[in-house]
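K.L.:
got a structure for you, letters missing:
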């Protein structure tokens, strides 16, 4: 993993003992040298992890300025009653005291098992060792500390004309984001213009286009956080960080948002690739749609179908299930006008299968770890890519035995 | 199986060779002594099996009168182009000629693999032997002939104050009815008042409350068919069948509809119980909802959740996943007001788990083949039951290897 943090950010991760297996990290920290603006999207699930009301309150009271983000895995601090909310507040205050900032400039975010009380004392005892670990090279440790059933850490940096953008995310189950996937963090040299609206657009084109199992987590959180150089002219320059990149203050706002979107898309694909039990990353490319929203909706309908996902697990180019799923999501598509390719070969057109091409499609599914399903709707010029993974017996095993 | 046909109906099933395994029946027939009124609901999937436009056309041209329903399994005659539609028409005509009725009084309905041309000649050669098999005792053979991945035939008779109602259905995958499940037939001594509206109400309370895998089949068809005694006074008595039941012509219309609903619910439960790879029938009882539609929607959100279904496969009373799924379907429920029981014991209330009861809930999941999840919403007095099954590695195996 080659991940660099934007200047002015430090990161780290340690083990404090929330996860069962003794070799696993489970407490991470992102720390800015000074408070910087941040925006967060939270789950639309009506069940909310305790961190969500606390984060909302802190962002509200701080005017959106954040100094530190503490993240634990192994315990979602969800369905833990008022005590769970209090635990999150106490830990924010304990960290704020140690780094010398107002409590509301600290956020705490949790992921893991639902319904078990968080051992807040254990977390608090780990704060000093964690602060000792934090540094400019701590990105990988942070990415590892926020993993749950992920098989590899998910972090990505991109140097762009808009400066450096670095993102972190975790999967791997209960992934069907209805605003952002279960924990993602995007840090940057300069934040995009438009605040929360920009964050929503970025999520709509990245995390909202990935699904593992159709279940929306109650702890879903996406945080975008960074310096404001050049894109918020109304803000004082003194609020900007110290390091100088190659980018001037005149970067087009579209470039900044695009940089975050690309990093977010890379993470969204990583989440699908590492879906629980997955052996294939599936990219569903919807083309010739009436609009982008329709393209996304149809892509998600295909991506969520257990029959499509099990067929890919069996390396079966089962075009019938794909066309059927795309045709039953409430959009008035005309199946006879659709054209469907698996890999480079068409397997369905004009309302009928192209049986002679199935062998080549099967070979694509067998030989590629990332497989492509391209569905032309014949309704317009819009398009969207959606990401998911195959559904294997391992997914069932992982989730049948998750708590035991 | 103890299934009786209403008087004036005959049924049968034979093997004509559409299924691979040589011991399996695959062609069934329901035959009325004379034409009787019928109503059909078809899939809302935009991809339609070839039988659907033909059925619509025939019901339209016959004024809703049906003499015979021919059903094949092993081939869905779907995505087979205009030739597939022509195949269905030709077979209806061939059967009509043999039984001496107008072509439009014959319906043909198909289920099985999508996208392979139906061998219409093979089916036509089987019509004479099939007509020889048809009789008053042929219900079981018919039920067997329409099976696909079902592990047992699904048929149910109920003698009621409204006369005899007999139903047939088939599962077991691509089951997420958006009007009726993949093939169901309800026959009766007297049809309910209200025609298609009554059929919709019956489906809303039965097949629309069952799901196996969230995939809506392109061939979904529900047919309600029977004599009109006493409930359609505007129709001439000469249109009524011959046999006399115990019921007089004054049966309250509600009783008639209720009888069909109960038979349909029994079949809907059977479909969930026999879901592909299932080891548990799961009944989700939503209580104290604001209205019945809301109760159904929340029940379906729980029933479709792979995480809930894999937890049950693992005998894990994972209340967190259930509350989370119920809280993320767009209804403004308040998770802190919910109460959740698994079997007879509460496992979640007041926003927190009742950890001490988990052992009893686990025992319920281990020891019962039908398990009960009861979710009180605290929003009103409406309720609905929804049925599904657990999600096992066998489901994945069945569907990864369906076409190979």
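P.N.:
Cool, the structure landed. The structure presented is a predicted model; accordingly, all values stated were derived computationally and were not measured. Residues are numbered from 1 along each chain as shown, chains lettered A, B, ... in the order given.
K.L.:
residues contacting the residue in the stretch 101-250 of chain A that chain B sits nearest to?
P.N.:
Using CB to the nearest CB, residue A:114 is the residue of the stretch 101-250 of chain A that sits closest to chain B, at 3.2 Å. Bear in mind the C-beta positions are built from the backbone N, C-alpha and C, glycine included. Residues near residue A:114 by CB atoms under 8 Å, 6 or more residues apart in numbering or on different chains: A:76, A:78-79, A:218, B:320-321, B:324.
K.L.:
Between those residues, which sits nearest residue B:3?
P.N.:
Closest to residue B:3 out of these is residue B:321 (37.7 Å), distances taken as CB to CB.
K.L.:
Quick one: residues contacting the closest one.
P.N.:
Residue B:321 neighbours (CB under 8 Å, 6+ apart): A:114, A:174, A:215, B:305, B:307-308, B:311.
K.L.:
Now rank those residues by neighbours and give me the top one.
P.N.:
In terms of neighbours by other CB atoms under 10 Å in any protein chain shown, those top out with residue A:174 at 34 neighbours.
K.L.:
What residues sit buried inside the top helix by length along chain A?
P.N.:
As assigned by DSSP state H, the longest helix anywhere in chain A is helix A:253-273. Buried residues in helix A:253-273, counted by 16 or more other CB atoms under 10 Å in any protein chain shown: A:255-273.
K.L.:
Return the list of helices and strands in contact with that helix.
P.N.:
strand A:154-160, strand A:163-169, strand A:184-188, helix A:196-204, strand A:281-289, strand A:382-389 (3 or more CB pairs under 8 Å, 6 or more residues apart in numbering or on different chains; DSSP states H and E).
K.L.:
Recalculate using a threshold of 10 Å.
P.N.:
Counting contacts by 3 or more CB pairs under 10 Å, 6 or more residues apart in numbering or on different chains; DSSP states H and E, helix A:253-273 packs against strand A:154-160, strand A:163-169, strand A:184-188, helix A:196-204, strand A:221-226, strand A:281-289, strand A:370-376, strand A:382-389.
K.L.:
tilt between the fifth one and helix A:196-204?
P.N.:
For strand A:221-226 against helix A:196-204, the angle by axes from the mean of the first three to the mean of the last three CA atoms, to 10 degrees is 120 degrees.
K.L.:
Give me the angle between strand A:221-226 and strand A:163-169.
P.N.:
160 degrees.
K.L.:
And the last one, by the same measure?
P.N.:
Between strand A:382-389 and strand A:163-169, the angle comes out at 50 degrees (the same axes, to 10 degrees).
K.L.:
Buried residues, strand A:382-389. List them.
P.N.:
Here strand A:382-389 shows A:382-389 as buried, counting by 16+ other CB under 10 Å.
K.L.:
For these, give me JSON lines that also has pLDDT and distance to residue B:140.
P.N.:
Shown next, in JSON lines, are the buried residues of strand A:382-389 (pLDDT from 0 to 100; distance: CB to CB, whole Å):
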{"residue": "A:382", "pLDDT": "95", "distance to residue B:140": "52"}
{"residue": "A:383", "pLDDT": "95", "distance to residue B:140": "51"}
{"residue": "A:384", "pLDDT": "93", "distance to residue B:140": "49"}
{"residue": "A:385", "pLDDT": "93", "distance to residue B:140": "50"}
{"residue": "A:386", "pLDDT": "91", "distance to residue B:140": "45"}
{"residue": "A:387", "pLDDT": "91", "distance to residue B:140": "47"}
{"residue": "A:388", "pLDDT": "91", "distance to residue B:140": "41"}
{"residue": "A:389", "pLDDT": "93", "distance to residue B:140": "42"}
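K.L.:
picking that back up, what pLDDT does the model give the residue of the stretch 101-250 of chain A closest to chain B?
P.N.:
pLDDT recorded at residue A:114 is 84.
K.L.:
which ones are touching the closest residue to it other than its chain neighbours?
P.N.:
For residue A:114, ignoring the flanking residues on the chain, the nearest one in space by CB to CB, 6 or more residues apart in numbering or on different chains is residue B:320 at 3.2 Å. By CB atoms under 10 Å, 6 or more residues apart in numbering or on different chains, the residues touching residue B:320 are A:47, A:76, A:78-79, A:113-116, A:174, A:218, A:403, B:307-308, B:311, B:340, B:347-348, B:353.
K.L.:
What is the neighbour count of residue A:370?
P.N.:
12.
K.L.:
how near is it to residue A:313?
P.N.:
According to CB to CB, to the nearest Å, residue A:370 stands 15 Å off from residue A:313.
K.L.:
That'll do, ta.
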